[in-house]
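A.B. asks: What follows is a predicted protein model with its sequence.
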Amino acid sequence: MSVLEVRDLTKRFGDVLAVDDLNFAVGEGEIFGFLGGNGAGKTTTLRMVLDIIRPTSGTITVLGSSPDRRNTAAIGFLPEERGLYAQMSAIETIVYFGKLKLMSGIDAKKHGMELLERFDLADRAKSNIGDMSKGMAQKVQLACALVNRPQLLMLDEPFSGLDPVNQGLLEDEILRASQRGAAVMFSTHVMQHAERLCDRLLLLRKGRKRFEGTLEQARDELPGRISALATPEIAGVPGISAATVRNEAHGGWAEYDIRLDQGYSAEQVLESCTAQGIRLRRFEERRPSLHEVFVQLVGSDQEIGS
Amino acid sequence: MNNILLIARREFRQVAAMKSFWLTLLLIPLALAIGPLLTSALDEEEATNVVLIDRAGGSASAAIEQRFALEEDRFVLRDLSRYVRRHDLERADPEAIWAQYDRWYTDADVAAFRQAGGLESALEAIDAVRSEDTPPYEAGAPLYSFANADSDLAASTGDALQARVDAMLEADDDSPAGEAADVVVLVDAGYPQDPTVRLWSNEQPSTGFVTTLQDVLTVDLRQRLLTDQGIAPASAAAIQSAAPAIAVTTPPPGGGAREALLIRSIVPLALAYILMMALMLSGSWMLQGSVEERSNKLLESLLACIRPEELMYGKLLGALAVGFSMILVWLGCAAAVVFFTQGAISDMIRPALEPLTSPGAILAMIYFFVAGYIAISILFVAVGALADSMSEAQGYLMPILLGILLPITLLINVIIAGQEGLLVQVLTWVPIWTPFAVLSRLGMGIEWWEMVGSGILLAGFIALEVIFLGRLFRASLLATGQKPGLKQLVDRFKPVRT
């Protein structure tokens, strides 16, 4: 069952088309990566899911109903821009947000303390946010997003500003939420996190979907590459679009960088080589990284800010 | 509703945790308490010490002492009479001179008062009928104490006299009798042929003292001149004492005529002032509440949980709770002062509370006060919704605050002066000034149709404010960093397209 379903979603700000006919769905227990360059429409889409802004057209369904605050108790959200009330203590802040998400004060405090313990902040529970470091405050804000054990957890650039230790902690929390059945949707610029965590990905470019699918499917979007130590006959094997010599070796051998035709796999090329009696000393498949897929589909490195 | 209350409670707690809140909360009662205390501390409690040097036989100094004693008794008689009238104590002795207050007390009246036993005898009669609730009469300290010069001083002349007088004027009040004086009066041996009377004083002598002294000496001089002309002393004295009997009609203390109107206006005018003060003092907290989420970048976190309207209403409610709790504390302090102050203040307040005896007037005061606070608070919250930071918001606030409050200070002064011109009429019908105008006019009298009409207009204005604030709030919430031009500003007031 889809926890979040977006159909034909479009949002215009005057003449600017921020989101263009977007469709996707996120199911229970699924970790969904929402990737795109700056200004791709990620935050606008998340805001529409939260009913902070209204779509120009299209429909959004959250847990079977249109997005409004009736779903508050089921949603957790960590925005890209982070801040809290400086004069409130960590636990007060978590309880406050818990109550806004229709929790009882007792339950919010109990779960809030559990989260603070997990985040190694239990001893700072009564410290004012204003007295905490930026990293600590970010963890408190994450606790605010998680306190209601959301069925739909949305994180907008959650890894930005976190040190490697806290990035690991956040990855653990995302996996934990997924394991208890929550649909997790997050946007990020850092492809390694998406590669490690996401069951499925959606790539946005200028408000329009460029790709949706698994990591493997994303890699399949780019032609495969092979690194091989072979003789020159390899260039004529079916499925190879180009074989570039990287290094010459003795006896007619050379190290080749081979680009495959779209639709051909490394296994097919290897079978052809064997069938044609082409000699190979080394044959190594090189799958494209998500970063390469992203750059290819969405834009340049500069555009994605990574 | 639960979310609105949660937001409001947080707003209230946040402001209540500020030192500036407590400072403001206590500032007004402290100022009100310190004012009278300072006044009473600055009041001269000790009598002015007057030393008389009479080298003309002593009759002039005797006349001076007698006259000042007469004036003291006249003052006591008048004061006692007002006390009796204020507390309806005439039944103690309806025939007593102090129960007659339809005249200016003459010397004969004072003589009759003394004849009847003076203040002591009067208080015995009064205390016999005075209830426990009625505060006892407290006579003020005498204004002057007189002493005759010692022999050395009486004999001194020239520089020696001047040195001695200077020493007396400079001496501490605690010095032994005869060595200190506030005023020294010299009636020289040549008096009355040389009518010069010298007066030394350690400060500018009071007009009352000099006038009375001059009056006494004038009478004395004329008496001597008349008798020198061969007129019998008794006849001369009779001529001197001839005076018209002045019948006086005054309202009871704290009632009647213009004084009564002013006193009836005390509560409504005080409410108008309190409203103005509360808005001035709490305006910055309202702004801070309105700007806070934007400047702290936690708006999206909140809007993921609640609707923008809930956030706005919560903030408004929190701001109102702060303002009203502040006002309640002030009014509580005022009530405590009235309760614990026996005498003049409570007597003055009683007629001032007359307008409160009518349920309609009470309702009108509460309505215009509360509605006025809400109407202007919404403007403050709207200013906060437009700004990204507190400093930017305060830049907008000051001109708005001045624009609202300046006409109000003019209005209140005009009302106190008893005028009801075009300004008052216009301000009554402009919603942001309506509460102040109506409250100020309640004591003096305002037509019912004006009150109802302006009240309805004010309610409509608040409804419009709420609608437009909701739109502005929603449209401005996520527009951080964008400086709206006039067109964008107008657009923010338009309904949200869904």
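C.D. replies: Arrived safely, thanks for sending. Numbering: from 1, shown residues only, chains lettered A, B, ... in the order given.
A.B. asks: Break the chain down into its domains, please.
C.D. replies: Went with chain A since none was named. A:2-219, A:224-287 (automatic domain parsing).
A.B. asks: wrong one, I was asking about chain B
C.D. replies: B:2-36+B:256-492, B:44-241.
A.B. asks: For A:Arg149, give me its contacts.
C.D. replies: By Cβ atoms under 8 Å, 6 or more residues apart in numbering or on different chains, the contact list for A:Arg149 reads A:111, A:180, A:182. C-beta here means a position set from N, CA and C on the backbone, and glycine is covered the same way.
A.B. asks: so what's the second one closest to, chain neighbours aside?
C.D. replies: Nearest residue to A:Arg180 in three dimensions, chain neighbours excluded: A:Arg149, at 7.3 Å (Cβ to Cβ, 6 or more residues apart in numbering or on different chains).
A.B. asks: sec struct for that neighbour, please.
C.D. replies: coil (DSSP: H, G, I helix; E, B strand; the rest coil).
A.B. asks: Repeat that for B:Phe209.
C.D. replies: Criterion first, three-state DSSP; result for B:Phe209: helix.
A.B. asks: Distance of it relative to chain A?
C.D. replies: According to Cβ to the nearest Cβ, to the nearest Å, B:Phe209 and chain A sit 61 Å apart.
A.B. asks: Could you identify the buried members of the contacts of A:Arg149?
C.D. replies: Neighbour-count burial (16 or more other Cβ atoms under 10 Å in any protein chain shown) applied to those gives A:111, A:182.
A.B. asks: Closest one of the contacts of A:Arg149 to B:Met168?
C.D. replies: Closest approach between the contacts of A:Arg149 and B:Met168, by Cβ to Cβ: A:His111, at 85.0 Å.
A.B. asks: Would you enumerate the residues in contact with the closest one?
C.D. replies: A:98, A:103, A:147, A:149.
A.B. asks: element containing the first one, please.
C.D. replies: Per DSSP states H and E: A:Gly98 is located in helix A:90-100.
A.B. asks: Just the C-alpha atoms of that helix, please, in PDB.
C.D. replies: Taking Å, rounded to 0.1, in the frame of the first residue of the first chain, the C-alpha atoms of helix A:90-100 are listed here in PDB:
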ATOM      1  CA  ALA A  90      15.800  20.000  24.300                       C
ATOM      2  CA  ILE A  91      13.200  17.900  25.900                       C
ATOM      3  CA  GLU A  92      10.700  20.800  26.100                       C
ATOM      4  CA  THR A  93      11.100  21.300  22.400                       C
ATOM      5  CA  ILE A  94      10.600  17.700  21.600                       C
ATOM      6  CA  VAL A  95       7.500  17.500  23.800                       C
ATOM      7  CA  TYR A  96       6.200  20.700  22.200                       C
ATOM      8  CA  PHE A  97       6.400  19.200  18.700                       C
ATOM      9  CA  GLY A  98       5.100  15.900  20.000                       C
ATOM     10  CA  LYS A  99       2.000  17.600  21.300                       C
ATOM     11  CA  LEU A 100       1.500  19.600  18.100                       C
END
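A.B. asks: ok so, going back, let's have the contacts of A:Arg149 in JSON lines, adding distance to B:Ala69.
C.D. replies: Formatted as JSON lines, these follow (distance: Cβ to Cβ, whole Å):
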{"residue": "A:His111", "distance to B:Ala69": "86"}
{"residue": "A:Arg180", "distance to B:Ala69": "98"}
{"residue": "A:Ala182", "distance to B:Ala69": "97"}
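A.B. asks: from the contacts of A:Arg149, which is closest to B:Gly421?
C.D. replies: Distances from B:Gly421 to the contacts of A:Arg149, taken by Cβ to Cβ, are shortest for A:His111, at 65.4 Å.
A.B. asks: For the stretch 51-200 of chain A, what lies in contact range of chain B?
C.D. replies: Residues of the stretch 51-200 of chain A lying close to chain B (Cβ under 8 Å from any Cβ of the partner chain) are A:51-54, A:68-69, A:72, A:75, A:77-79, A:81-88, A:96-97, A:99-102, A:141, A:144-145.
A.B. asks: Have a look at chain B and report the helix or strand with the lowest mean pLDDT.
C.D. replies: helix B:257-264 (a mean of 51; mean pLDDT, DSSP states H and E).
A.B. asks: related to what we said a few turns ago, restricted to helices, list the contacts of A:Arg149.
C.D. replies: Assigned to helices by DSSP state H, the following of the contacts of A:Arg149 qualify: A:His111.
A.B. asks: okay if I get the contacts of A:Arg149 as JSON lines plus pLDDT?
C.D. replies: Shown next, in JSON lines, are these (pLDDT from 0 to 100):
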{"residue": "A:His111", "pLDDT": "91"}
{"residue": "A:Arg180", "pLDDT": "91"}
{"residue": "A:Ala182", "pLDDT": "91"}
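A.B. asks: Which of the contacts of A:Arg149 sits closest to B:Gln100?
C.D. replies: For these, the nearest to B:Gln100 is A:His111 (82.4 Å; Cβ to Cβ).
A.B. asks: Give me the distance from stretch B:12-31 to the chain's centre.
C.D. replies: 23 Å (Cα atoms, centre = their mean, to the nearest Å).
A.B. asks: residues making contact with that stretch?
C.D. replies: A:85, A:87-88, B:277, B:281-282, B:285, B:288-289, B:318, B:321-322, B:325-326, B:329-330, B:333-334.
A.B. asks: Cheers, nothing more for now.
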